[in-house]
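*Asks:* here are the coordinates; sequence isn't available:
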């Protein structure tokens with residue numbers, strides 16, 4: 001009887017995780033669920049232009065359930081337009097990361113007139129996160145990643161992320177021979193992960209609840 005209960009529980013868990021994987025896949029497929037219709041030309045030549053808050057940018061979770069993990073997170077848009085991303089991260093199931101990504105931005109943002117991206121965020125524990133952009137619409141294509149630290153106690157953290165310091169990656173693996181196309185930025189993403197790049201570990205990673213309030217994303 002106990003073995004039957006365990007089997008049924010495993011089936012339920014696997015069905016739930018597959019359902020979440022399917023929901024995530026549909027959410028980020030521009031043909032099935034649409035895009036973030038922001039516009040690209042508006043960014044050019046306007047120094048310190050703000051990308052977010054923007055009600056046209058649609059965010060959703062992209063957690064390790066896409067590879068069998070058990071982490072879980074969600075995005076809530078607050079009254080002032082900022083975003084609260086929060087959840088629980090765990091290494092159970094072989095995962096170890098949680099993320100939030102916006103739907104593909106159409107038309108892509110042309111950021112070729114700028115030096116980099118500036119983010120303003122708040123975190124209660126002083127954790128270390130990733131910020132990720134893409135210059136393509138591939139689901140798991142090359143991405144451009146920065147690591148950044150936050151101040152504890154929900155103090156405002158303001159970070160400048162120069163384009164020439166972005167690291168080309170696929171998942172957490174670094175790539176060589178890549179060139180960022182700043183004229184076709186299609187997605188924005190935050191990640192809290194056990195890993196930084198390749199096999200290097202995030203020194204602030206702890207399993208359990210986390211949160212990150214995103215005040216703004218702009219270019220400089």
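*Replies:* Received it, and whenever you're ready, just let me know what you need. From a predicted model like this one, the values you see are computed outputs, not experimental measurements. Numbering: from 1, shown residues only.
*Asks:* What's the local residue count around residue 163?
*Replies:* By the criterion of other CB atoms under 10 Å, residue 163 has 18 neighbours. To be clear about C-beta, it is placed using only N, CA and C from the backbone, and glycine gets the same treatment.
*Asks:* Enumerate every residue touching it.
*Replies:* When the contact criterion is CB atoms under 8 Å, 6 or more residues apart in numbering, the partners of residue 163 are 111, 114-117, 144, 180, 182.
*Asks:* from the residues you listed, which is closest to residue 173?
*Replies:* Each of the contacts of residue 163 was scored against residue 173 by CB to CB, and residue 144 proved nearest at 13.4 Å.
*Asks:* distance of the closest residue to the closest one other than its chain neighbours from residue 139?
*Replies:* Counting by CB to CB, 6 or more residues apart in numbering, residue 166 is the residue found nearest to residue 144 once chain neighbours are left out, at 3.9 Å. With distances defined as CB to CB, to the nearest Å, the gap from residue 166 to residue 139 amounts to 20 Å.
*Asks:* between these two, which one's more packed in?
*Replies:* residue 166 (19 against 11).
*Asks:* tell me the pLDDT at the more buried one?
*Replies:* Residue 166 carries a pLDDT score of 98 in this model.
*Asks:* quick one: the helices in the protein?
*Replies:* 2-27, 30-33 (DSSP state H).
*Asks:* Which of these comes out lowest on mean pLDDT?
*Replies:* Ranked by mean pLDDT, these end with helix 2-27 in last place, scoring a mean of 47.
*Asks:* What residues are bridge-paired with the closest residue to residue 77 other than its chain neighbours?
*Replies:* Computed as CB to CB, 6+ apart, the closest residue to residue 77 that is not its neighbour in sequence is residue 83, at 5.7 Å. Note on residue 83: beta-bridge partners by DSSP bridges are residue 77, residue 214.
*Asks:* Poorly predicted segments of this structure, please.
*Replies:* 1-48 (pLDDT under 70).
*Asks:* residue contacts, the residue nearest to residue 209 when sequence neighbours are not counted?
*Replies:* Of all residues not flanking residue 209 in the chain, residue 88 sits nearest, at 5.2 Å (CB to CB, 6+ apart). For residue 88, the set of contacting residues under the criterion of CB under 8 Å, 6+ apart consists of 71-73, 98, 208-210.
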